[in-house]
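Trainee: Make a model of this:
(3 chains)
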Amino acid sequence: MSAAWQFYIATVLIYLAVDVTACLGLNLQYGYTGILNFAYIAFVAIGGYTYAVLTLGPQPRGSFQRYFFGASLPFPLPILAGAAAGGLLSAVLGAIALRRLRSDYQAMVFLVVSLVATSVVTNAVGLFNGAAGLSVIPKPLGSALNLSLLDYQWFYVGLTAAFAGLTYLVVHRITGSPLGRSLRAVRDAEHAAAALGKNVAGLRMTSFIVGGVIAGLSGALLVGSITAWSPSAWLYQETFVFFTALIVGGTANNAGAILGAILVPVVFLEAVRFLPQFGPPGLTEALQWVAIGTISLIFLWFWPRGVLPERRRVITLPGLPATARPDGSVAESPAAGTAP
Amino acid sequence: MLTTLGFGIQTASVLAIAAVGFTVQFGVTNVLNLAYGDVMTASAFAAYALSGVGVGGWWSLLIGGLFGALFSLALNHFLYTPFIRRGASLFVMIIVTISVGLITQNLLQAIWGSNFFSLHLSPGATIHPLGMVFTVSQLYIVLVAVACLLAFHGLLSTTKLGKAMRATAADPELARNSGIDTRRITSLAWMLSGFLCGLAGVALTLEIGSFDAGTGGALLVPIIAAAVLGGVGHPYGAMLGALVIGIATEFAATIISPTYKDAVAFAVLIVMLLVRPQGLLAEIATTKAVAA
Amino acid sequence: MTSADDGGREFILEVRDLTRSFGGVQAVAGISFGISPGKITGLIGPNGAGKSTTLNMIAGAIKPTSGTVLLQGAAITGLPSFQIARRGVGRTFQVSSEFPSMTVLENMLTAVQRPRGDALGQALLGRWYWRQSEETLLDRANGLLGRFDMTPMANEPASTLSGGQRRLLEIMRVLMAEPRILLLDEPMAGVNPSLSRRIESHLLELKAQGLSMLIVEHEMAVIERLCDHVIVMAQGAELAKGTMKAIRADQKVLDAYLTG
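Mentor: Residues are numbered from 1 along each chain as shown, chains lettered A, B, ... in the order given. Down below sits the predicted model:
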């Protein structure tokens, strides 16, 4: 297999790990807690920018790009800082938007946040170099390791896979624990959850912030690989790709989130690369979006619970029957307001 | 400063038509139609297409409105209502409307490409009412907006349809039990708000001069801000909200920078939600059922 | 400080001059009463009398416009519902509010206040940390399932339960929280007579074990069998209070039920 092919495969694997990480975070927020976070990509973005700014070093005089602050921190600090930035932004936004708003207003506010974030970053050029964005961003351990281009790529595959695995562990532990149950209770019937002593607002914030940290992490890892980041890479529609991934793969199911990440951002979007270029520039991209939108609609109509739906958690104790349900899945509830 | 006020009034008039349409749509049908901006764009393109075959000029406004009405009606009939009848959750409906918006915007992009277009309309003479600067055509747009809103006001307050719409918006169950055919009212609400949507789309493109596939979507933030400011579902509130947002953003553009208009609208929205979220607080955390 | 009635008995929960207005309408126009420990108190009245609103104000789901709610002498007025719940006030809902995507057992486990594994740090430590405590809770749940004859439904998703089973689930669930006082909002609504009797006998059992209860109902017969003390509401205010026998003889009450 030629080196070029290997490089390509390694790159796809990197994207896969990053997308899996991102989808797991959104699944925690939306799938398990019912938060319609339509600004998810903004948290990915801030993780990316934070990583960039903390590796580019202080802005030198006459530099072709302008940005705010700037430092050259050693690995893994910039990546961790990116994750922390995602968490911090979630804390701020969560405090404003999560508390008292009805779900649809919340969704609307998040969407608006995403749109405005793009607008602000594009226009405040001193922040992150505006529309041109940041580039020539150093890779993690890029100079320290002194590997060939291909070898470094495989190293990065391992790095992102490790972080994806860590993310999976965190999300798995949360969702399988009593905390996960409390989150699902808030999602299913928040007034009943409150009547049972659950601090609904606090639980939402917890889920939102953890999801934000994961989003920031995925952003930092992505930028470390592609070494450039600009508003065109994180428009509001990108959040929609993740939601489509969850819809296809299955929400409130970590395996479903992983499957969705494989099928949508990776398989579907990468597959397009192999089609012959046709029409004017921008046409394929536009049609891709049409396809993503259509896939969402189709799945929401025919298979709303996705390929791997939320699983029923059977608890076996002596004396308790585990009633046979062939697929082990959770039945559809006509009254459920949120689980699709 | 008066010039800025003039700009503000222009922006506000277009925004008012759009915001009233949006708020009525949300209020009566309970569907948060995030495709609204893209329906506006589609209507503008429809008017553009027809102007290419000779039906242009000021007819574009009417064409835009009709297209908007038909498109919205079709969306509701073929897509939104079937999902609602299936018991779709709030999340599903939002994803559906976002998908529609995404598909619409990108189909327009695919068909017409990334170029900018404009509906040719001669600006006419420049006049100076009250110290503000307007071209005749700009003034026409403001007048059209005012006329539309007055007509709408008349419809809402005096006709049976208007009363039925208000009743359905306030309490769909009660309206149904009082003998109102809420399905028919909902369809009519989609048509009316769709008309306003399409009209606003064309008016917007006339106001800013040139447009592309993303123009309508870009107005979504001020539209939502205006609707929320006035209290979602209250058409008069939306008109007031549009006036405030329109003027505030123009002043911000002059004083700070033109590129921060969205951020100002957003700031207004957030402050509103934090300080006076009338009707936005869920008291016993029950979401209003999505109207069928 | 404790609150007491004329007879000097202490109330476990007391309501003083509780009012709630919506817009211009007074749904509850100043009501005062007390719930005695270990007894079942009934709050009855025709539809629209303000009974559920009163219960919701006690439980913290609605903020009172004015008035006080005292739990064992301490004011809990206006606190958010989750904090009131944490102080031992359990409640059920008029419309069954089970968590539909979770099984019966999961529903019940969720009711436990702050078990091990509920805080973020604890959850991240992993199963080994909270496993033991979970098993203890499962034993408790198992016991409740047995008492309510719901053992076969243990691992069924709550959305597949019948209406009556959902009612039982809601009661079992709130009992898992081990409340000091239980507020029941029309527990028999939409329930068939035989299940209604079953629920009644369960409630009497709970009373025998010392649980204080407030039941909102509008069916006199149920109240008669269950309640020691009754408050009758009409149009947001107290119409009469006393034992069921006294109420039955009260002309005002009979009038209210005939016209209301």
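Trainee: Let me know the pLDDT of residue B:143.
Mentor: pLDDT for residue B:143: 85.
Trainee: which SSE is it in?
Mentor: Taking DSSP states H and E as the criterion, residue B:143 maps to helix B:136-158.
Trainee: repeat for residue C:230
Mentor: strand C:229-234.
Trainee: now that strand: mean pLDDT?
Mentor: 90.
Trainee: Around chain B, which positions in the stretch 151-300 of chain A sit nearby?
Mentor: Neighbours of chain B within the stretch 151-300 of chain A, by C-beta under 8 Å from any C-beta of the partner chain: A:190-191, A:194, A:237, A:240, A:243, A:247, A:279-283, A:286-287, A:289-290, A:292-294, A:296-297, A:300. Where you see a C-beta, it was placed from the backbone N, CA and C, and this is true even at glycine.
Trainee: can you tell me which of those residues are up against chain C?
Mentor: Checking those against chain C (C-beta under 8 Å from any C-beta), the matches are A:191, A:194.
Trainee: In strands only, show me the residues of the stretch 151-300 of chain A next to chain B.
Mentor: Under the assignment DSSP state E, those contribute nothing to strands.
Trainee: From the residues of the stretch 151-300 of chain A next to chain B, which land in helices?
Mentor: Among these, the residues falling in helices (DSSP state H) are A:190-191, A:194, A:237, A:240, A:243, A:247, A:283, A:286-287, A:289-290, A:292-294, A:296-297, A:300.
Trainee: Can you say which of those residues are buried?
Mentor: Buried members of those, scored by 16 or more other C-beta atoms under 10 Å in any protein chain shown, are A:190-191, A:194, A:237, A:240, A:243, A:247, A:283, A:286-287, A:289-290, A:292-293, A:296-297, A:300.
Trainee: wait, what's in contact with residue A:91?
Mentor: A:205, A:209, A:212 (C-beta atoms under 8 Å, 6 or more residues apart in numbering or on different chains).
Trainee: helix, strand or coil for it?
Mentor: helix (DSSP: H, G, I helix; E, B strand; the rest coil).
Trainee: Same question for residue A:62.
Mentor: coil.
Trainee: Point out the other elements, helices or strands, that the helix or strand of chain B with the lowest mean pLDDT touches.
Mentor: Least confident helix or strand, chain B: strand B:126-127 with a mean of 72, by mean pLDDT, DSSP states H and E. Other elements packing on strand B:126-127 under the criterion 3 or more C-beta pairs under 8 Å, 6 or more residues apart in numbering or on different chains; DSSP states H and E are strand B:134-135, helix B:136-158.
Trainee: Buried residues, the longest one. List them.
Mentor: Within helix B:136-158, the residues that count as buried by 16+ other C-beta under 10 Å are B:138, B:139, B:140, B:141, B:142, B:144, B:145, B:148, B:149, B:152, B:156.
Trainee: ok, for the fifth one, nearest residue in space, not its chain neighbours?
Mentor: In this case it means residue B:142. Nearest residue to residue B:142, sequence neighbours excluded (C-beta to C-beta, 6 or more residues apart in numbering or on different chains): residue B:13, at 4.6 Å.
Trainee: Please apply the same query to the fourth one.
Mentor: Leaving out its chain neighbours, the residue that sits closest to residue B:141 by C-beta to C-beta, 6+ apart is residue B:203, at 5.4 Å.
Trainee: How about residues contacting the least confident helix or strand of chain B?
Mentor: B:133, B:134, B:135, B:136, B:139.
Trainee: Residues in a beta bridge with the third one, which ones?
Mentor: In other words, residue B:135. Residue B:135 has these beta-bridge partners by DSSP bridges: residue B:126.
Trainee: That one and residue A:256, how far apart?
Mentor: 57 Å (C-beta to C-beta, to the nearest Å).
Trainee: Out of the two, name the residue with the larger neighbour count.
Mentor: Shown here are residue B:135 and residue A:256; by other C-beta atoms under 10 Å in any protein chain shown, residue A:256 has more neighbours (26 against 15).
Trainee: Please, which helix or strand holds the more buried one?
Mentor: Going by DSSP H and E, residue A:256 is part of helix A:254-261.
Trainee: tell me which parts of the stretch 1-150 of chain A are close to chain B?
Mentor: For the stretch 1-150 of chain A, the contact set with chain B under C-beta under 8 Å from any C-beta comprises A:30, A:34, A:36, A:38, A:96-97, A:100-105, A:107-109, A:111-113, A:115-116, A:119-120, A:122-123.
Trainee: number of nearby residues for whichever residue of the stretch 1-150 of chain B sits closest to chain C?
Mentor: Per C-beta to the nearest C-beta, the residue of the stretch 1-150 of chain B with the smallest distance to chain C is residue B:89, at 11.7 Å. By other C-beta under 10 Å, 20 other residues sit near residue B:89.
Trainee: mind giving me the domain ranges of chain A?
Mentor: Split into domains by automatic domain parsing, chain A comes to A:3-234, A:311-340.
Trainee: Pick the most buried one from those.
Mentor: Mean neighbour count, computed with mean count of other C-beta atoms under 10 Å in any protein chain shown, is highest for domain A:3-234 among those, reaching a mean of 21.
Trainee: From the opening residue of stretch B:169-179 to its closing one, how far?
Mentor: 15 Å (C-alpha to C-alpha, to the nearest Å).
Trainee: Give me the buried positions along that stretch.
Mentor: Buried residues in stretch B:169-179 (16+ other C-beta under 10 Å): B:169, B:172, B:175, B:176.
Trainee: Many thanks, have a good one.
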